[in-house]
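J.: Here's a sequence, model it:
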Amino acid sequence: MKRIMIVDDEPDTQYLFSRKFKKQLKEGQIEFVFAMSANEALSYLESQENLFIDLVICDINLPEMNGLELLKKIKEKDPNINVFILTAHGYDENYKLAKESGASEYLVKPIDFAQLKEKLFNLELIYKLN
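T.: Presented below is the predicted three-dimensional model:
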């Protein structure tokens, strides 16, 4: 089972991901952990040392600390964790900063869930090869 943390301050995000991944959730292929802020995400990651998160999908615009700052903190803690940055603004200067900071992917809203599922399955193949 893949454990994926979604970090987004939009209240509809949890519903949207749960609906779009309904089949995978029901079949036990995936589990989501939701955080409304970067600080909440970091607190969870620190308190769950023994429970591995396979992927963090993080919105770039968050209260208190933005997604790029969160990306850097996550990579300092565990350089091998995959982090996808999610933005509504396309490929701008933040794209370059995200890639330089170690983001695995840079996704633009609205989310193409078919593409996201494909990326998740590719991550699974990477894990099987290692």
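J.: contacting residues for the most centrally placed residue in the chain?
T.: By C-alpha atoms, centre = their mean, the chain has its centre lying nearest to Ile57, at 1.3 Å. Neighbouring residues of Ile57 by C-beta atoms under 8 Å, 6 or more residues apart in numbering: 4-8, 83-84, 86, 107. Glycine gets a C-beta too; all of them are placed from N, C-alpha and C.
J.: Let me know the secondary structure of Ile6.
T.: Following DSSP: H, G, I helix; E, B strand; the rest coil, Ile6 is assigned to strand.
J.: Now for it, how many residues are close by?
T.: Neighbour count of Ile6, defined by other C-beta atoms under 10 Å: 22.
J.: Glu93 versus that one, what's the distance?
T.: Separation of Ile6 from Glu93 (C-beta to C-beta, to the nearest Å): 24 Å.
J.: which residue packs closest to the residue nearest to the centre of the chain, ignoring adjacent ones?
T.: If the residues on either side of it in the chain are set aside, Ile57 comes closest to Phe84, at 4.6 Å by C-beta to C-beta, 6 or more residues apart in numbering.
J.: again with Glu10
T.: Asp59 (7.3 Å).
J.: Distance-wise, check the one you found relative to His89.
T.: Taking C-beta to C-beta, one finds Asp59 at 11 Å from His89.
J.: and those two? which has more neighbours close in?
T.: Each of Asp59 and His89 has its neighbours counted (other C-beta under 10 Å); Asp59 has more, 21 against 12.
J.: got the residue ranges for the strands in this structure?
T.: If you assign secondary structure with DSSP state E, the strands in the chain sit at 2-7, 30-35, 55-59, 82-87, 105-108.
J.: Of the ones you listed, which is nearest Ser47?
T.: Go through these one by one with C-beta to C-beta and the one that ends up closest to Ser47 is strand 30-35, at 11.3 Å.
J.: Please list the outside residues in contact with that closest one.
T.: Contacts of strand 30-35 (C-beta under 8 Å, 6+ apart): 1-8, 13-14, 17-18, 21, 24-25, 41, 44, 53, 120.
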